[in-house]
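Chemist: model this:
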Amino acid sequence: DMEDISEEEGDTDGMSTEEAESGVTQLPGNTTLSVDMNETAWMIWGTNLYIAWAVVNVALIIARSSSISIDQYWKLVVFTNVGVWQLCTRGPKISSLLGSKNATMPTGSSTNQPKGARVSPSKTKTKKMPARKKDFKPTAGNTTVKVSKVEDPNMNKNGDTLPSWLPTSSTDTMQVRSHGYLTTKQKVPSPGELYECVAVDCFVSDTRFSEFATRVRLPPGFFEDESGNASSFANGKERPWKSPDVFIASIAIPTEAPRFGQSSDDGAGLTFVGYFKMKEETRRILCHITAEGYDPDSGATIDSETDVQKRIVNGVRLWERYCKEAPDDPTFQARFKLLPSANLEELGCPSYIAKYNGKPVLIKRNRVTGFFDDYPSLNVMEFDISLHPFPYLFKQAMSYLSDYFDKAVTTFGFVIEGRSDDELPEVVIGAMKACYPDPKFIVSGEEFFAGTCPKSTPPDSA
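Modeler: A predicted model of the protein is given here:
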């Protein structure tokens, strides 16, 4: 199995209070000037900075191999570094570039924009959305369209094109550790899933989002009790198990090309969020294994007559133990695995990427790559996976694959690693299949959670 590979304030003169707080200035026409007040404004930036760096290094190599003396060489090094430092110091203040509160700039002209500022065309909005309240929560699943087949049209009822998803079975597509794996090293198809996927969200964002249980509205139908009562059980009694009615899992995938020598635990990326509801079979087994007088060592189980490789009781017991212990035990939490697969062969991906297709990824680093949170009052547990801290080569591969997102069909499964026969065979917690997350149609995460995206916000919730 794979393991996860492994303040200075800006001058706000010349801007309104809102502009100063957001770092965004609206210019005439359809151009928005976006300035990060805490970001160094390089005099040389972008591709030109890399070219300058390469030229300097080539010049130093040539100088060292020439006939100049060692003293002259070090003088050259000193002068070169002073020159680079001068080129890379902070540029003019944005207020002086704008000139005054009433300064204007040519509409749509990028060549006349101030250096050190990022200029991007403002996004076209087809509908004007009202301002949202601070406590606004979008409905889970509004950023995608549920379909029956991969090739079905991915349009919502308003005619908006969005990424699609469909329920999937892990039995046919996901290999897990078998009963007896410690001696045989054999894997078998998962006996099933403990939860069924009922909604999926897919969005892009400038930074990673998490804690979706508190960010979205889950319909009452997600829960055992239609009223959404978190602790309801038969005859109003407290339920005897810890496993939640709803499990949420997310995967944050970096899409920016990495910079050599620089690591980042956050950044721009694509996020998939799956919302899973407990299956009735799982609930039935939980009732059995948490009943008074139950003896797991008696040899009699609820599915004892089933082929040992197709039993899910051990998987349910392991999941129940995980829900009890993992929130407070980072070592046990590190047994959470992601099972990803995609149509990489159809996309023509290089073999060095395709060879990892379908391989399990153990999410070992607590609060770095894996974030497991319990929300007892909501009857929800959530595991958020961040691939942003992964190594340079992995991010380079993800950057390469981002060009194929519009043709990708990706399946994600989640499982707790079994390490003894009483925890095997492993059983997939839940699985989801996401289809064609085309960047042209994906919703912005910032707009989704603010309620300002017409595609993901129905008019009746405005």
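Chemist: what's the neighbour count on Leu60?
Modeler: Here the number of neighbours of Leu60 (other Cβ atoms under 10 Å) works out to 15. The C-beta positions use only the backbone N, C-alpha and C, and glycine is treated the same way.
Chemist: which parts of stretch 159-179 are buried?
Modeler: 160-168, 170, 173-179 (16 or more other Cβ atoms under 10 Å).
Chemist: That one - what's its average pLDDT?
Modeler: Stretch 159-179 shows a mean pLDDT of 93.
Chemist: before we move on, what about stretch 304-314?
Modeler: 89.
Chemist: Report the buried residues of that stretch.
Modeler: Result for stretch 304-314 [16+ other Cβ under 10 Å]: buried residues Lys310, Arg311, Ile312, Val313, Asn314.
Chemist: In helices, which of the buried residues of stretch 159-179 appear?
Modeler: Ser170, Thr173 (DSSP state H).
Chemist: Which ones among the buried residues of stretch 159-179 map onto strands?
Modeler: Mapping the buried residues of stretch 159-179 onto strands (DSSP state E) picks out Ser164, Trp165, Leu166, Gln175, Val176, Arg177.
Chemist: Show me what the most centrally placed residue in the chain is bridged to.
Modeler: What sits nearest the mean C-alpha location of the chain, by Cα atoms, centre = their mean, is Ala252, with 1.3 Å. Beta bridges link Ala252 to Thr271, Ser386 when assigned by DSSP bridges.
Chemist: Run through the residues that contact it.
Modeler: For Ala252, the contact set (Cβ atoms under 8 Å, 6 or more residues apart in numbering) comprises Arg208, Phe209, Ser210, Gly269, Leu270, Thr271, Asp384, Ile385, Ser386, Leu387, His388.
Chemist: and what of Asn357?
Modeler: Pro340, Ser341, Ala342, Leu344, Glu345.
Chemist: Show me which of these are buried.
Modeler: Buried among those (16+ other Cβ under 10 Å): Pro340, Ser341, Ala342, Leu344.
Chemist: element containing Val204?
Modeler: strand 195-205 (DSSP states H and E).
Chemist: So which elements touch that strand?
Modeler: Here strand 195-205 touches strand 164-166, strand 269-278, strand 430-435, strand 443-444, helix 445-450, going by 3 or more Cβ pairs under 8 Å, 6 or more residues apart in numbering; DSSP states H and E.
Chemist: angle of the longest one against strand 195-205?
Modeler: Counting by axes from the mean of the first three to the mean of the last three Cα atoms, to 10 degrees, strand 269-278 points 160 degrees away from the direction of strand 195-205.
Chemist: List just the one of the helices and strands packed on strand 195-205 that sits closest to Tyr400.
Modeler: strand 269-278 (13.7 Å; Cβ to Cβ).
Chemist: after the closest one comes which helix or strand?
Modeler: helix 280-289.
Chemist: Let me see the mean pLDDT of that following helix.
Modeler: 94.
Chemist: angle of that helix against strand 195-205?
Modeler: 120 degrees.
Chemist: Show me which positions of the helix or strand containing Phe394 end up buried.
Modeler: Phe394 belongs to helix 392-401 when assigned by DSSP H and E. By 16+ other Cβ under 10 Å, the buried positions in helix 392-401 come out as Phe394, Lys395, Ala397, Met398, Leu401.
Chemist: The second one reaches Thr255, doesn't it?
Modeler: In this case it means Lys395. No. In terms of Cβ atoms under 8 Å, Lys395 does not count as a neighbour of Thr255; the distance is 9.0 Å.
Chemist: does Val316 count as helix, strand or coil?
Modeler: For Val316, the secondary structure call by DSSP: H, G, I helix; E, B strand; the rest coil comes out as helix.
Chemist: start to end distance for stretch 430-442?
Modeler: 23 Å (Cα to Cα, to the nearest Å).
Chemist: Chain neighbours aside, what residue packs nearest to Gln175?
Modeler: Computed as Cβ to Cβ, 6 or more residues apart in numbering, the closest residue to Gln175 that is not its neighbour in sequence is Lys187, at 4.2 Å.
Chemist: Helices along the protein, start to end?
Modeler: Counting by DSSP H, the helices of the chain are 17-22, 47-65, 70-87, 94-98, 170-173, 181-184, 280-289, 313-325, 330-333, 344-347, 351-354, 392-401, 445-450.
Chemist: Quickly, which of the ones you listed bottoms out on average pLDDT?
Modeler: helix 94-98 (a mean of 35).
Chemist: quick one on the thing from earlier: will you turn the ones in strands among the buried residues of stretch 159-179 into TSV that also has distance to Gly358?
Modeler: Below are these laid out as TSV (distance: Cβ to Cβ, whole Å):
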residue	distance to Gly358
Ser164	22
Trp165	19
Leu166	19
Gln175	7
Val176	12
Arg177	14
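Chemist: For Gly418, state which of those residues is nearest.
Modeler: Nearest to Gly418 among these, with distances taken as Cβ to Cβ, is Arg177, at 5.4 Å.
Chemist: which residues touch the nearest residue to that closest one once chain neighbours are set aside?
Modeler: Among residues not flanking Arg177 along the chain, Glu426 sits closest, at 4.7 Å (Cβ to Cβ, 6+ apart). Residues near Glu426 by Cβ under 8 Å, 6+ apart: Val176, Arg177, Ser190, Gly315, Leu318, Val415, Ile416, Glu417, Gly418.
Chemist: give the contact list for the last one.
Modeler: When contacts are counted by Cβ under 8 Å, 6+ apart, Gly418 touches Arg177, Tyr181, Asn314, Gly315, Leu318, Leu424, Pro425, Glu426.
Chemist: What count of nearby residues applies to the closest residue to Ala342 other than its chain neighbours?
Modeler: Leaving aside its sequence neighbours, Ala342 sits nearest to Thr410 (Cβ to Cβ, 6+ apart; 4.4 Å). Per other Cβ under 10 Å, the neighbour tally for Thr410 reads 21.
Chemist: so how far is stretch 327-340 from its chain's centroid?
Modeler: 17 Å (Cα atoms, centre = their mean, to the nearest Å).
Chemist: which residue packs closest to Gly180, ignoring adjacent ones?
Modeler: Using Cβ to Cβ, 6+ apart, the nearest residue to Gly180 is Asp421, at 6.4 Å.
Chemist: quick one: pLDDT of the one you found?
Modeler: At Asp421, pLDDT is 95.
Chemist: so it touches Thr184, yeah?
Modeler: No. Applying Cβ under 8 Å as the test, Asp421 and Thr184 come out as separate, 10.9 Å apart.
Chemist: So between those two, which is more surrounded?
Modeler: Legend: neighbour count by other Cβ under 10 Å for Asp421 and Thr184, higher for Asp421 (15 against 10).
Chemist: how far away is the more buried one from Val176?
Modeler: 14 Å (Cβ to Cβ, to the nearest Å).
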